[in-house]
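# Can you look at this prediction? I've put the sequence above it.
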Amino acid sequence: MSDPCLKLASEFPVPDRAQWLALVDKALKGAPFDKKLLTRLYEGIVVQPLYTRDDFAAAGDPTGFPGAAPFLRGGQASGAGAQGWAIRADHAAAEPADANAAILDDLLRGATAVQLRFDRATRQGCPNEAAAWGDDGIAVQDEADLDRVLKDVLLDLVPVSLDAGVGAIDAAAALVGLWRERGIGPDQARGGFGIDPLGTLAAEGVAFAPLPACLERMAEVADATRRDWPLVRAVTVDTTAWHEAGATAAQDLAVALATGTQYLKAMVAAGMDIADALAQIAFTLPVDCDQFLSIAKLRAARLTWARVAEACGAPEPARRMELTARTSRRMMSRRDPWVNLLRTTVAGFAGGVGGADAVVVVPFDAELGPSDAFARRLARNIQILLKEESSLDRVIDPAGGSWYVETLTRQLAEAAWAEFQAIEAAGGMLAVIEDGSLAARVAAAWAEREQAIAKRKAPLTGVSEFPNLHEAPVERPAPDLRRLRAAAAARAAAHPAPRPAVTR
């Protein structure tokens, strides 16, 4: 009886690499193979034109199973889960009422989580108005303002994450106060407080307390959050500031590992168990329109963080990384901003395929000013289409088994680990921020990329390639931040109230 399975390829001889190279040499007509077909990444990795089973075998250790160590293939066995990754909408409209309207619009039309970015100069404790990141964000001064921002939002259903910079602990206390006022219990409140002292220091040049006292305060809040709000993560490791400054993917991952390690040390020193400390950290990593590198970056992040947690003696379940992918603003252009839709679609795709627990797609007009409803709709629908029409969230580790992606993941993990070891050898993340050595390496990486852009070796569609000379500008009105900040301060002065605490 014949085999019912058709094996069409078995009737043909299997070509070897030498035969393939001979055909390639013939097609190149004498042009150098290395120059034409090899791609050299800024991470020092050389991308080959062809990958085979031999490359995958050379990687050594197997990739493992989804939801199991080393978590390279995802943090849970079910892949993205029944609902897929969270569609997290980022909101930074300066006026609280405008932010509220935009939040409700997003939640009614497909978003499943909310991130609030606060105006740095409005937050209490900010020492200087110039520290505002991007000079934008919601003008929130106290719990009453936050209540206006989250009016009619069902906080027992919607996870809320905060990005408040130096005002992170005050913002966390305001959110806790709002949960209590609305009767949201510890088994209902979800989200993150976004306390990231080293990330804030890198982005704004200031911290919410003298260093290293801010790490002690962070650990105190994390321990209280563990006890009182078990579904909330107090601490965030966000590498956006380094990425936007020009860091390579390897440097970006190394910063995440070193920052996370510094936070773990602080929490364990405060008396927390290693597993509890790990459960308090959430990571945010930018992804850009280099699709395969971004996918490999997220997979390598889980692999390397699991190794850090293992070295710290954490049990296997605690080594899982809670990971948010955020589309990069570094890749966005102000000229011909419509091209940003292509960039954010590719980056959002990479975030989903790479196994992120949540994905934030930045609206295409983010570099022009406050995004309008149309831009937010497009950003939201990019993810909805990826999930509901492409069904990406129904496949466990879609990139798994690709000889190219698996090899690139391993190479990127090794490059990131070497950078991480260099940071640790120099005294850790706090030390390399204070002495400027890491900033210098990132600046050197950016200078190399900038030169490639200037020479058009790295083309920018709509800018250096295929520019639209008759382009009609896309304009977004700038908010009156001075007026909004003054109004927020006046409200707080007119209705003074004791500042709430994160702890009970």
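That came through, no problem.
# name the element A296 belongs to?
Taking DSSP states H and E as the criterion, the element that holds A296 is helix 291-311.
# Give me the spatial nearest neighbour of F118, chain neighbours excluded.
When the adjacent residues along the chain are set aside, F118 lies closest to A164, with 4.4 Å between them (C-beta to C-beta, 6 or more residues apart in numbering). (Each C-beta comes from the backbone N, C-alpha and C, glycine too.)
# pretty sure the one you found contacts A174?
No: contact between A164 and A174 fails when scored by C-beta atoms under 8 Å: they sit 9.1 Å apart.
# tell me the pLDDT at the nearest residue to L198 once chain neighbours are set aside?
Once its chain neighbours are removed from consideration, L198 has its nearest residue in T259; the separation is 5.1 Å (C-beta to C-beta, 6+ apart). The predicted structure scores T259 at 98 on the pLDDT scale.
# so T259 touches P197, yeah?
No: in terms of C-beta under 8 Å, T259 does not count as a neighbour of P197; the distance is 9.4 Å.
# Give the helix, strand or coil label for the residue positioned nearest the centre of the chain.
Averaging the C-alpha coordinates of the chain gives a centre point, and the residue nearest to it by C-alpha atoms, centre = their mean is L285 (2.5 Å). Following DSSP: H, G, I helix; E, B strand; the rest coil, L285 is assigned to strand.
# My read is that it contacts L298, right?
Yes: if you go by C-beta under 8 Å, L285 and L298 touch, sitting 6.6 Å apart.
# overlap in contacts of the two?
323, 325 (C-beta atoms under 8 Å, 6 or more residues apart in numbering).
# Surely R88 is within a helix?
No: following the definition three-state DSSP, R88 is strand and is not counted among the residues of a helix.
# Give me the pLDDT for it.
You'll see R88 listed with a pLDDT of 97.
# Enumerate every residue touching it.
The contact partners of R88, by C-beta under 8 Å, 6+ apart, come to 111-115, 159, 161, 324, 358-360.
# Mind listing the residues bridging to it?
On the basis of DSSP bridges, R88 takes part in beta bridges with A113.
# how distant is stretch 323-343 from the center of its chain?
13 Å (C-alpha atoms, centre = their mean, to the nearest Å).
# Can you mark which positions in it are buried?
Going by neighbour count (16 or more other C-beta atoms under 10 Å), the buried part of stretch 323-343 is 323-329, 331-333, 336-337, 339-341, 343.
# Same question for stretch 368-385.
Per 16+ other C-beta under 10 Å, stretch 368-385 contains these buried residues: 368, 370-372, 375-380, 382-383.
# so where's the stretch 1-150 of the chain uncertain?
By pLDDT under 70, the low-scoring segments of the stretch 1-150 of the chain are 1-9, 57-62, 120-136.
# Tell me the spacing between the residue nearest to G351 when sequence neighbours are not counted and E43.
Closest residue to G351 in three dimensions, ignoring its sequence neighbours and counting by C-beta to C-beta, 6+ apart: A325, at 3.2 Å. Using C-beta to C-beta, to the nearest Å, one obtains 18 Å as the distance from A325 to E43.
# Would you state the helices of the stretch 251-400 of the chain in chain order?
Ranges of helices in the stretch 251-400 of the chain, per DSSP state H, counting those that start in this stretch, are 274-278, 291-311, 339-353, 373-384.
# average pLDDT across the longest helix belonging to the chain?
For the chain, the helix reaching the highest residue count under DSSP state H is reported as helix 403-425. Per-residue pLDDT values across helix 403-425 average out to 96.
# those strands in the protein, which residues are they?
Taking DSSP state E as the test, the strands found in the chain are 39-40, 46-47, 86-91, 113-117, 160-163, 191-195, 232-238, 281-287, 323-327, 358-360.
# now those in a markdown table, with distance to G313?
Below are the strands of the chain laid out as a markdown table (distance: least, C-beta to C-beta, whole Å):
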| stretch | distance to G313 |
| --- | --- |
| strand 39-40 | 39 |
| strand 46-47 | 36 |
| strand 86-91 | 30 |
| strand 113-117 | 32 |
| strand 160-163 | 29 |
| strand 191-195 | 24 |
| strand 232-238 | 19 |
| strand 281-287 | 16 |
| strand 323-327 | 22 |
| strand 358-360 | 28 |
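# So for S10, which of those strands sits nearest?
Proximity of the strands of the chain to S10 was assessed by C-beta to C-beta; the nearest stretch is strand 46-47, lying at 30.8 Å.
# hang on, the earlier thing: for the residue nearest to L198, which residues are in contact?
Going by C-beta under 8 Å, 6+ apart, T259 touches 196, 198-199, 237, 239, 429.
# can you check R307 too?
In this structure, R307 makes contact with 70, 417, judged by C-beta under 8 Å, 6+ apart.
# one step back: which helices and strands sit right next to the longest helix of the chain?
Helices and strands touching helix 403-425, as assessed by 3 or more C-beta pairs under 8 Å, 6 or more residues apart in numbering; DSSP states H and E, comprise helix 53-58, helix 249-269, helix 291-311.
# Adding distance to V463, write the ones you listed out as JSON lines.
Output for the helices and strands packed on helix 403-425, formatted as JSON lines (distance: least, C-beta to C-beta, whole Å):
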{"stretch": "helix 53-58", "distance to V463": "35"}
{"stretch": "helix 249-269", "distance to V463": "22"}
{"stretch": "helix 291-311", "distance to V463": "20"}
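# right, so of those helices, which gets closest to E406?
Judged by C-beta to C-beta, the one of the helices and strands packed on helix 403-425 that comes nearest to E406 is helix 53-58, at 5.4 Å.
# picking up where we left off before, separation between the residue nearest to G351 and A69?
Note on A325: its distance to A69, by C-beta to C-beta, is 21 Å.
# Could you do A422 as well?
25 Å.
# How about E475?
As for E475, its distance to A69 is 51 Å (criterion: C-beta to C-beta).
# So between the two, which is more surrounded?
A69 (18 against 9; other C-beta atoms under 10 Å).
# any idea how far the more buried one is from T324?
The span separating A69 from T324 equals 21 Å under the rule C-beta to C-beta.
# In the stretch 301-450 of the chain, where is pLDDT below threshold?
Low-confidence segments of the stretch 301-450 of the chain, defined by pLDDT under 70, are absent.
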